[in-house]
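*Asks:* sharing a sequence plus its predicted fold:
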Amino acid sequence: MLDTPNRVAVEAPPLEGVESTKAPVRVSRPNLLTVADAKTMSLVDMTELFKDHINPGQLHFMKLLGFHKVKIETASGMYYTDQNGRKILDFFGGFGSLAFGHNHPRIIEARKQFQNEDRHEIAIAFMSQYASALAKNLAEIAPGDLDMVFLGSSGSEAMEAAIKVAERAAGPKRPKIVYAQNSFHGKTKGVLSLTDSELYRGEFQLTGNTVKVPFGDIDAIRAAFEADPEIGVIVLETIQGGGGIIEAPVEFWQQLRALCDKHGVLWIADEVQCGMGRSGHFFAFEKAGVVPDVTALAKSLGAGKCAMAAMIATRDVYMKAYGSPKTAMIHAQATFGGIGEACVTAIEGLNVMYDEDLIGNAEKVGSYLISRLNELKAKYPQIIKDVRGSGFMVGLEFQDFSQTLPALLRPMVALLDDKLKGSLSGFVGAELLRDHNVLVAFTEYNRNVIRLEPPLVCGTEHVDEFITALDKVLGRGIVRIVRDFIGSQAKK
Ligand SMILES: Cc1ncc(COP(=O)(O)O)c(C=O)c1O
């Protein structure tokens with residue numbers, strides 16, 4: 001266990017020139033860990049504290065996948081380095097939060113300078129030049145009239161802001177919101193009603209004014225709009241991430257725009273995961289040449305160093321919702337919205353994105369990644385079912401092996417956690433990390449899909465390193481992958 005000193009009673013010193021008749025206040029100092037304690041903490045202590053104070057249940061999944069053995073010490077570019085000096089190739093990318101890789105030097109430099117100059121952070125009393133510059137940059141990048149920016153600190157917060165601005169602009173007679181099957185828009189109370197997950201919804205009370213449609217189904221949306229004039233808003237991820245990297249064709253988005261215009265419905269494009277250049281366009285919806293009424297960014301907007309999110313609305317929508325002095329404060333900046341260093345980080349990140357042509361790189365190297373994965377699909381058709389995606393938002397779907405597994409392994413697999421049954425992605429992901437030092441992401445709603453969202457600085461050499469590792473794992477065949485995994489579980 002951690003060796004922390006006992007509480008120490010500290011006596012407040014007497015104030016100069018003030019005579020007090022009261023006994024001095026005694027403030028006992030809690031057993032606080034220092035920054036140095038945090039940095040040098042052992043894996044064992046870290047695990048104990050995680051279990052005691054963060055999420056004991058989550059440890060179960062980390063153990064299943066072998067992630068509990070890793071303590072990251074440093075990170076740079078495409079790699080983490082763990083407590084044993086092992087370099088881990090990051091093809092997970094924090095679910096799209098690491099467009100610039102780990103600790104991009106220009107971003108670190110901008111932050112250091114900001115600190116050294118004694119700049120201010122909290123921007124509630126006065127306007128902020130940093131928030132203003134970031135908002136201007138986002139308006140400059142966003143197409144059409146997407147000009148009005150609300151800054152927050154998480155994707156959920158940006159999406160909450162998006163549905164609120166749209167609801168007010170749509171007006172009280174059109175309170176209903178359409179959302180998609182297998183959607184993920186966050187876990188806060190408002191957007192939970194638009195996130196299609198029984199697990200995340202738990203038994204929370206939902207808002208009830210929602211209509212669910214299949215993703216990418218224009219006929220279902222048309223039918224919903226025609227049937228219910230109370231529908232005022234539709235919310236869609238432009239590329240579904242949690243659903244397993246699901247895209248709709250460009251015609252879908254063009255028809256959606258036309259349909260929304262016809263029925264006066266506002267379209268919110270959730271670009272929290274697929275935005276910031278990941279798809280090979282800054283916003284994934286740009287591929288279709290259409291513009292939504294509201295959009296949201298987060299994740300990589302913080303350039304991998306801080307929490308930063310933005311809701312961007314057309315000026316028309318924004319002014320309808322909050323345009324007068326009477327309504328201006330209804331959803332104005334929260335305490336940490338537009339905080340100085342986070343804005344500066346995002347401003348530098350956006351400049352780096354264009355200076356280094358990261359969007360072009362995502363398009364080019366992302367296509368290379370997909371072509372290399374397709375080679376593996378041709379080599380292992382009994383294992384890989386599908387390869388899909390755009391840029392560096394790529395899904396690798398495995399065949400469901402629960403039916404094809406040899407009879408002798410079936411009882412063993414049946415003993416595994418529900419999350420692993422029938423799905424190869426857990427096994428492959430665990431073995432990629434254990435044997436080949438590669439990190440990939442799993443998918444909430446489709447356990448057969450591995451999500452590949454590497455930083456946009458990823459080069460073809462990193463793709464080759466990843467493909468070599470994956471080839472070695474898959475080359476062992478389903479039976480050995482599963483048997484090894486079960487064996488490693490038994491050894492724990
Ligand atoms: C599409 C999408 N929207 C919203 C969110 C919520 O973002 P956050 O986790 O920052 O609250 C996520 C997070 O994964 C997401 O992928």
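*Replies:* Okay, I see it. Everything quoted here is computed from the prediction, not taken from an experiment.

*Asks:* distance from stretch 260-269 to the middle of the chain?
*Replies:* 26 Å (C-alpha atoms, centre = their mean, to the nearest Å).

*Asks:* stretch 157-164 too?
*Replies:* 16 Å.

*Asks:* that stretch near the ligand anywhere?
*Replies:* Yes. Stretch 157-164 lies within reach of the ligand by C-beta under 6 Å from any ligand atom, at M159. To be clear about C-beta, it is placed using only N, CA and C from the backbone, and glycine gets the same treatment.

*Asks:* please save the CA atoms from that stretch in CSV.
*Replies:* Extracted C-alpha coordinates of stretch 157-164, given in CSV (Å, rounded to 0.1, in the frame of the first residue of the first chain):
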residue,chain,number,x,y,z
GLU,A,157,-21.3,19.3,-23.2
ALA,A,158,-21.0,20.4,-26.8
MET,A,159,-23.8,18.1,-27.8
GLU,A,160,-26.0,19.3,-24.9
ALA,A,161,-25.4,22.9,-26.2
ALA,A,162,-26.2,21.7,-29.7
ILE,A,163,-29.6,20.2,-28.8
LYS,A,164,-30.5,23.2,-26.6
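
*Asks:* now that stretch: mean pLDDT?
*Replies:* Averaged across stretch 157-164, the pLDDT comes to 98.

*Asks:* next one: stretch 437-456
*Replies:* pLDDT averaged over stretch 437-456 gives 94.

*Asks:* quick one: D82 and A75 touch, right?
*Replies:* No. If you go by C-beta atoms under 8 Å, D82 and A75 don't touch, sitting 10.0 Å apart.

*Asks:* grab the nearest non-local neighbour of the residue of the stretch 351-492 of the chain found nearest the ligand.
*Replies:* For the stretch 351-492 of the chain, the residue closest to the ligand is E444, as judged by C-beta to the nearest ligand atom, at 8.8 Å. Spatial nearest neighbour of E444, chain neighbours left out: G242 (4.1 Å); criterion: C-beta to C-beta, 6 or more residues apart in numbering.

*Asks:* could you do N361 as well?
*Replies:* L456 (5.8 Å).

*Asks:* who are the contact partners of that neighbour?
*Replies:* L456 makes contact with 99-101, 277-278, 300, 353, 358-359, 361-362, 392, according to C-beta atoms under 8 Å, 6 or more residues apart in numbering.

*Asks:* and if we set it to 7 Å?
*Replies:* 99, 277-278, 358, 361-362, 392 (C-beta atoms under 7 Å, 6 or more residues apart in numbering).

*Asks:* contacts only, for the one residue sitting closest to the centre of the chain.
*Replies:* Nearest to the geometric centre of the chain sits F95, at 4.4 Å (C-alpha atoms, centre = their mean). With contact taken as C-beta under 7 Å, 6+ apart, F95 is in contact with 241, 273, 299, 441, 453.

*Asks:* export these as TSV, with columns for distance to the ligand and secondary structure.
*Replies:* Shown next, in TSV, are the contacts of F95 (distance: C-beta to the nearest ligand atom, whole Å; DSSP: H, G, I helix; E, B strand; the rest coil):
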residue	distance to the ligand	secondary structure
G241	5	coil
Q273	4	coil
K299	6	helix
A441	10	strand
E453	10	coil
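
*Asks:* for those residues, give me JSON lines that also has distance to S154.
*Replies:* Output for the contacts of F95, formatted as JSON lines (distance: C-beta to C-beta, whole Å):
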{"residue": "G241", "distance to S154": "15"}
{"residue": "Q273", "distance to S154": "13"}
{"residue": "K299", "distance to S154": "9"}
{"residue": "A441", "distance to S154": "18"}
{"residue": "E453", "distance to S154": "18"}
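
*Asks:* most neighbours among those, which one?
*Replies:* Counting neighbours by other C-beta atoms under 10 Å, E453 leads the contacts of F95 with 31 neighbours.

*Asks:* may I ask which helix or strand encompasses the closest residue to the ligand within the stretch 1-150 of the chain?
*Replies:* Residue nearest to the ligand within the stretch 1-150 of the chain (C-beta to the nearest ligand atom): F95, separated by 5.2 Å. Taking DSSP states H and E as the criterion, F95 maps to helix 93-96.

*Asks:* now swap in A296 and tell me
*Replies:* strand 294-297.

*Asks:* quick one on the thing from earlier: ok, the residue of the stretch 1-150 of the chain closest to the ligand to K377 distance?
*Replies:* Separation of F95 from K377 (C-beta to C-beta, to the nearest Å) stands at 24 Å.

*Asks:* same thing with T40?
*Replies:* Counting by C-beta to C-beta - T40 and K377 are separated by 45 Å.

*Asks:* between those two, who's got more neighbours?
*Replies:* K377 (18 against 10).

*Asks:* list the contacts for that one?
*Replies:* 384, 387.

*Asks:* quick check: the gap between it and A362.
*Replies:* Taking C-beta to C-beta, one finds K377 at 21 Å from A362.

*Asks:* what does K22 give?
*Replies:* From K22 to A362 the distance is 65 Å (C-beta to C-beta).

*Asks:* repeat that for A170.
*Replies:* 34 Å.

*Asks:* compare those two (neighbour count), which wins?
*Replies:* A362 (28 against 23).

*Asks:* show me what contacts the residue lying closest to Q399 once chain neighbours are set aside?
*Replies:* With C-beta to C-beta, 6+ apart as the criterion, Q399 has its nearest non-adjacent residue at 4.7 Å, and that residue is K385. Counting by C-beta under 7 Å, 6+ apart, K385 touches 397-399.

*Asks:* quick check: closest non-adjacent residue to R174.
*Replies:* G232 is the one closest to R174 (C-beta to C-beta, 6+ apart), at 2.9 Å.

*Asks:* cool, and N137?
*Replies:* L350 (5.1 Å).

*Asks:* show me the contacts for whatever residue of the chain ends up closest to the ligand.
*Replies:* Closest to the ligand within the chain is G155: 2.2 Å, counting by C-beta to the nearest ligand atom. Taking C-beta under 7 Å, 6+ apart, we find G155 in contact with 186, 272, 296, 298-299, 309.

*Asks:* farthest pair in these?
*Replies:* The distance between the two most remote of the contacts of G155 (C-beta to C-beta) is 11.6 Å, for G186 and K299.

*Asks:* picking up where we left off before, so what strands line up beside the helix or strand following the strand holding A296?
*Replies:* Downstream of strand 294-297, the next assigned helix or strand under DSSP H and E is strand 309-314. Paired neighbours of strand 309-314 in the sheet (DSSP bridges): strand 146-152 (antiparallel), strand 294-297 (antiparallel).

*Asks:* show me which residues of the last one are buried.
*Replies:* What it means is strand 294-297. 294-297 (16 or more other C-beta atoms under 10 Å).
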